[in-house]
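[1] Pasting the sequence and the predicted model now:
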Amino acid sequence: MPIAAPTYIEVQSKSILNKVEGMHFRWSINPYRGCAHGCHYCFARSTHFYFDLNAGSDFTSIIFVKVNAPQVLRRELSRPAWRREQVALGTATDPYQPVEGRYRLTRGILEALRDYRTPVGIVTKGTMILRDLDILADMARRGRATVCFSVTTLDRDLWRRLEPGTAPPQQRLRALERLAAAGVNAGVLLAPIVPGLTATPANLEAVVRAAADHGARFPGANVLHLRPGVREHFLTFLEHAYPHLLEGYGRLYRGKYASERYRTGVEELVQVFRERFGLVGRDAPFPSEQAPVQLALPWDGTAVEASAPQAQSPADVGGCATA
């Protein structure tokens with residue numbers, strides 16, 4: 001399923017700070033809506049429904065650009081009621097997707113957050129973040145910057161299929177290493193873990209090992225969840241690329257979330273690798289409330305016992321899905 005060249009639509013926003021309920025952060029910012037990275041598992045695909053657009057090709061080919069985002073943000077941050085709470089940047093779109101090179105909205109947002117002494121947590125697959133190393137290092141010296149690189153696999157074939165518009169995983173790890181060397185609280189989000197594809201012990205161990213080798217301060221992880229819209233798109237992708245997995249997904253995903261038994265197995269295995277590579281007790285991506293996160297069980301698509309999904313979603317650490 002090739003990705004069409006994006007059409008960018010400039011829009012004016014009345015507000016840029018979004019209040020978030022039920023997450024480990026209370027505020028988020030997304031300078032773009034839609035994403036050219038084209039990750040087939042992205043939970044944010046369903047946000048295009050608000051514009052009567054689809055979660056498939058429309059999400060990657062029709063991208064809204066909030067051209068006045070930095071100016072609006074400065075107005076909002078200047079209000080006396082603003083308490084300088086942490087803001088999550090990139091929860092429903094990658095703030096460093098290619099169009100950022102033209103509009104520089106993310107840089108303007110970071111400058112505003114720095115000037116108003118507001119901490120930020122960024123989720124990205126984009127190596128363009130190195131352009132803003134000066135701002136992030138300045139914020140990090142005051143404990144106000146955390147960067148989470150979404151890395152789901154080091155396997156180049158899986159990467160090309162699952163995340164066709166993104167930078168190669170090794171490039172992301174090198175970018176992480178440079179940020180960490182500059183004092184930025186940077187780590188890896190192994191999210192989402194994709195049953196039947198990236199959920200093998202070998203893959204999970206390789207990613208956690210690479211995170212440690214590149215100076216990651218933390219590893220985060222989350223198993224794929226399939227909300228309406230995303231589910232249909234992802235299962236269509238599987239039908240074309242990995243048809244042998246469809247039957248197993250039907251059993252594992254009776255609702256949005258994989259069975260509790262499967263997710264528990266994921267957590268236990270991630271914990272093993274965190275301990276093995278010395279990533280226990282380091283800084284978490286959002287240290288105030290986030291529970292320790294771990295990794296996953298192998299799955300061959302045939303021997304999974306499904307149970308009813310929990311009422312609450314696992315934390316979505318960002319739109320790249322957590323990258």
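    Okay, I see it.
[2] Spatially, which residue comes closest to Val72, not counting chain neighbours?
    Leaving aside its sequence neighbours, Val72 sits nearest to Ile16 (CB to CB, 6 or more residues apart in numbering; 4.6 Å). All C-beta atoms are positioned from the backbone trio N, CA, C, and that covers glycine.
[3] three-state assignment of that neighbour?
    Secondary structure for Ile16, judged by DSSP: H, G, I helix; E, B strand; the rest coil, is coil.
[4] which residues in the stretch 51-200 of the chain form helices?
    57-61, 69-77, 100-103, 105-115, 133-140, 156-162, 169-181 (DSSP state H, counting those that start in this stretch).
[5] mind checking which of the ones you listed is nearest Thr127?
    helix 169-181 (4.5 Å; CB to CB).
[6] avg pLDDT for the closest one?
    Mean per-residue pLDDT for helix 169-181: 98.
[7] re the thing from before, to Gly90, which of the helices of the stretch 51-200 of the chain lies closest?
    Smallest distance to Gly90 across those (CB to CB): 8.3 Å, for helix 105-115.
[8] which strands and helices sit next to that closest one?
    Here helix 105-115 touches helix 69-77, strand 87-89, helix 133-140, going by 3 or more CB pairs under 8 Å, 6 or more residues apart in numbering; DSSP states H and E.
[9] closest to Pro201 out of the ones you listed?
    Comparing the helices and strands packed on helix 105-115 by CB to CB, strand 87-89 comes nearest, at 30.2 Å.
[10] outside of the closest one, which residues touch it?
    Contacts with strand 87-89, where a contact means CB atoms under 8 Å, 6 or more residues apart in numbering, come from 17, 20, 23, 25, 27-30, 95, 106, 109-110, 113, 118-123, 286, 318.
[11] Phi and psi next, for Thr7.
    The phi and psi values for Thr7, taken as degrees, to the nearest 10, are phi -100, psi 130.
[12] so how far is Tyr32 from Thr118?
    20 Å (CB to CB, to the nearest Å).
[13] the inter-axis angle of the strand of greatest length in the chain versus helix 169-181?
    Ranked by residue count under DSSP state E, the longest strand found in the chain is strand 185-193. With axes from the mean of the first three to the mean of the last three CA atoms, to 10 degrees defining the directions, strand 185-193 sits at 150 degrees from helix 169-181.
[14] What is strand 185-193 packed up against?
    For strand 185-193, the helices and strands in contact under the criterion 3+ CB pairs under 8 Å, 6+ apart are strand 145-150, helix 169-181, helix 201-213, strand 219-223.
[15] mind putting those in CSV, mean neighbour count and distance to Leu133 included?
    CSV is the format used below for those (neighbours: other CB atoms under 10 Å; distance: least, CB to CB, whole Å):
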stretch, mean neighbour count, distance to Leu133
strand 145-150, 28, 10
helix 169-181, 19, 7
helix 201-213, 19, 19
strand 219-223, 27, 22
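[16] Of those, which is nearest Arg131?
    Across the helices and strands packed on strand 185-193, closest to Arg131 is helix 169-181 (CB to CB), at 10.4 Å.
[17] what's the angle from that closest one to helix 201-213?
    Using the same axes, to 10 degrees, helix 169-181 lies at 30 degrees relative to helix 201-213.
[18] contacting residues around helix 169-181?
    Residues contacting helix 169-181 (CB under 8 Å, 6+ apart): 125, 127, 129-130, 133, 136, 147, 149-154, 159, 186-188, 210-211, 214-217.
[19] Mind doing that once more with 6 Å?
    Counting contacts by CB atoms under 6 Å, 6 or more residues apart in numbering, the residues outside helix 169-181 that touch it are Thr127, Leu130, Val147, Phe149, Val151, Leu154, Trp159, Ala186, Ala210, His214, Gly215.
[20] go on, stretch 128-135?
    Residues from elsewhere that reach stretch 128-135, judged by CB under 6 Å, 6+ apart: Tyr96, Glu100, Arg107, Leu110, Arg114, Ala175, Ala182.
[21] Can you give me the buried ones in it?
    Met128, Ile129, Asp132, Leu133, Ile135 (16 or more other CB atoms under 10 Å).
[22] ditto for stretch 224-235
    Using 16+ other CB under 10 Å as the test for burial, stretch 224-235 gives Leu224, His225, Leu226, Gly229, Val230, Arg231, His233, Phe234, Leu235.
[23] mind checking how far Ile16 is from Met139?
    Distance, Ile16 to Met139, by CB to CB: 18 Å.
[24] Tell me the strands beside the longest strand of the chain, with direction?
    Using DSSP bridges, the neighbouring strands of strand 185-193 in the sheet come out as strand 145-150 (parallel), strand 219-223 (parallel).
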